[in-house]
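> Need the 3D shape of this:
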Amino acid sequence: MRRRTPLLIHYHIFKNAGSSFEWALEQALGDAYRSFDHSSAAGFVSARDLVEYCFRHPNVRAISSHQAAPPPPKIFGREVFTSLLIRDPIARIRSVYAFERAQAKSTPGAIKAKELTFKQYVEWRLETSPAVLCNFQVYFCSRTAANRSQVSGDEQLENAIKNLDGISLVGTVARFDEWLALVQKVLSSSFPNLALASARQNASLGCEPSKGEILEQLISELGDATARYLIQKNELDMCLHQVADALLTRRLAEHGAGLTLLQAYTSTQGDRSSSHRL
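Numbers count the residues shown, from 1 in each chain. Presented below is the predicted three-dimensional model:
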């Protein structure tokens, strides 16, 4: 039986460590990695678009897209893997501002981020494009070619969770290194000699502060009312983050990757051996 050619599709949510993963894929795969989005910022990459792209570029082994949406397509002759990262939605808000402020582009967000303080920028976003800061990840994971409404509710959350369940490699930004180890392990049999380097390619990511630190800083800069409003308007994303975190924990265990308990005992055993030698 002829072996199917592997293909990884990464659904890149804006400000969710996608640049770091794309860099790792490009380092590992070279020209076999491609980024695929339409020229229009409002574009949508459908399952059919992905199928046609793969037939036009048969040597591609990994695709990352801001505009594609799960569920993934079935592609003849291809073994399709999918990946997606979810982020704490409140931590994501500041990262969006920092990125757009540093961005060398003339998009409305980049222009406003350079003109406005963080507080003014958040107020502008909430007035003009609230979906960027409010339950954006549920919107991303539940949208379809036929329905790209930016309204997020219980139905959209249910669809987003269903789509998340169908992703091969779900992770969270806070656990990026664990997730990358899982990606490496799951893909290793289909992608021989794949070596994914862990490096944060965006300075706005760094190590995420604690939830208390995030909230304290948010209240300090935005005021209590706006900070609480953002938390309320991201409850669905918080639910999705919890699901993603649980899926990552489960799949790490299923594949024996990142066994922290085993690592702890192994480390303790090494320490005890050293002390005996001393």
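
> Quick one: mean pLDDT over stretch 162-179.
Mean pLDDT, stretch 162-179: 95.

> Can you get me the start-to-end distance on it?
Taking C-alpha to C-alpha, to the nearest Å, the first and last residues of stretch 162-179 lie 20 Å apart.

> List the contacts of it.
Stretch 162-179 is contacted from outside by 11, 16-17, 20, 69-72, 81-88, 91, 141-142, 180, 182-183, 186, 198, 200, 205, 208, 240-241, 243-245, 247-248, 251-252, 257-258, using C-beta atoms under 8 Å, 6 or more residues apart in numbering. C-beta coordinates here come from the backbone N, C-alpha and C atoms, glycine included.

> Mind listing what's buried along stretch 98-111?
98, 99, 100, 101, 109, 110 (16 or more other C-beta atoms under 10 Å).

> Going by distance to residue 231, which of those wins?
residue 98 (19.6 Å; C-beta to C-beta).

> just checking, that closest one is part of a helix?
Yes. Residue 98 sits within a helix when classified using DSSP: H, G, I helix; E, B strand; the rest coil.

> Next one, pLDDT for it please.
Looking at residue 98, its pLDDT is 93.

> Could you do residue 86 as well?
For residue 86, the pLDDT comes out at 97.

> if I look at residue 142, how far off is residue 236?
Distance, residue 142 to residue 236, using C-beta to C-beta, to the nearest Å: 10 Å.

> my bad, residue 84
In this view, residue 84 and residue 236 are 16 Å apart by C-beta to C-beta.

> As a check, name the ranges of all helices in the stretch 151-278 of the chain.
Per DSSP state H, counting those that start in this stretch, the stretch 151-278 of the chain carries helices over the ranges 154-165, 176-187, 211-222, 224-232, 235-254, 260-277.

> With the stretch 1-150 of the chain instead?
Using DSSP H, counting those that start in this stretch, the helices found in the stretch 1-150 of the chain span residues 18-29, 47-56, 89-102, 108-115, 118-128, 136-142.

> Export those helices to CSV and append columns for distance to residue 174.
CSV is the format used below for those (distance: least, C-beta to C-beta, whole Å):
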stretch, distance to residue 174
helix 18-29, 13
helix 47-56, 29
helix 89-102, 8
helix 108-115, 24
helix 118-128, 21
helix 136-142, 14
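
> what touches both of residue 142 and residue 236?
By C-beta under 8 Å, 6+ apart, the residues touching both residue 142 and residue 236 are 152, 156, 157, 160.

> how close does the last one get to residue 102?
Using C-beta to C-beta, one obtains 29 Å as the distance from residue 160 to residue 102.

> Can you say which of the helices of the stretch 1-150 of the chain is packed in most?
Across those, averaging neighbours per residue (mean count of other C-beta atoms under 10 Å) puts helix 136-142 on top, at a mean of 26.

> helices and strands around that one, which ones?
Secondary-structure packing of helix 136-142 (3 or more C-beta pairs under 8 Å, 6 or more residues apart in numbering; DSSP states H and E): helix 89-102, helix 154-165, helix 235-254.

> what's the angle from the last one to helix 176-187?
Our comparison of helix 235-254 with helix 176-187, counting by axes from the mean of the first three to the mean of the last three C-alpha atoms, to 10 degrees, yields an angle of 50 degrees.

> Tell me the buried residues in helix 235-254?
For helix 235-254, burial by neighbour count (16+ other C-beta under 10 Å) applies to 236, 237, 239, 240, 241, 243, 244, 245, 247, 248, 251, 252.

> What is that helix packed up against?
For helix 235-254, the packing partners by 3+ C-beta pairs under 8 Å, 6+ apart come out as strand 78-86, helix 89-102, helix 136-142, helix 154-165, strand 169-172, helix 176-187.

> who wins for proximity to residue 51 among those?
Nearest of those to residue 51, taken as C-beta to C-beta: strand 78-86 at 9.0 Å.

> who does the closest one pair up with?
Here strand 78-86 is paired, per DSSP bridges, with strand 5-11 (parallel), strand 169-172 (parallel).

> that older thread, quick one: closest of the helices and strands packed on helix 235-254 to residue 36.
The nearest among those, by C-beta to C-beta, is strand 78-86 at 14.0 Å.

> centre of the chain versus the closest one, how much separation?
Taking C-alpha atoms, centre = their mean, to the nearest Å, the mean C-alpha location of strand 78-86 is offset from the chain mean by 11 Å.

> C-alpha coordinates for that strand, CSV please?
Output of strand 78-86 as CSV, limited to C-alpha atoms (Å, rounded to 0.1, in the frame of the first residue of the first chain):
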residue,chain,number,x,y,z
ARG,A,78,-2.3,13.1,2.2
GLU,A,79,-2.1,12.2,5.9
VAL,A,80,-3.4,15.4,7.4
PHE,A,81,-2.3,16.6,10.9
THR,A,82,-3.6,19.8,12.4
SER,A,83,-2.3,22.1,15.1
LEU,A,84,-3.7,25.1,17.1
LEU,A,85,-2.7,27.1,20.1
ILE,A,86,-5.1,28.9,22.5
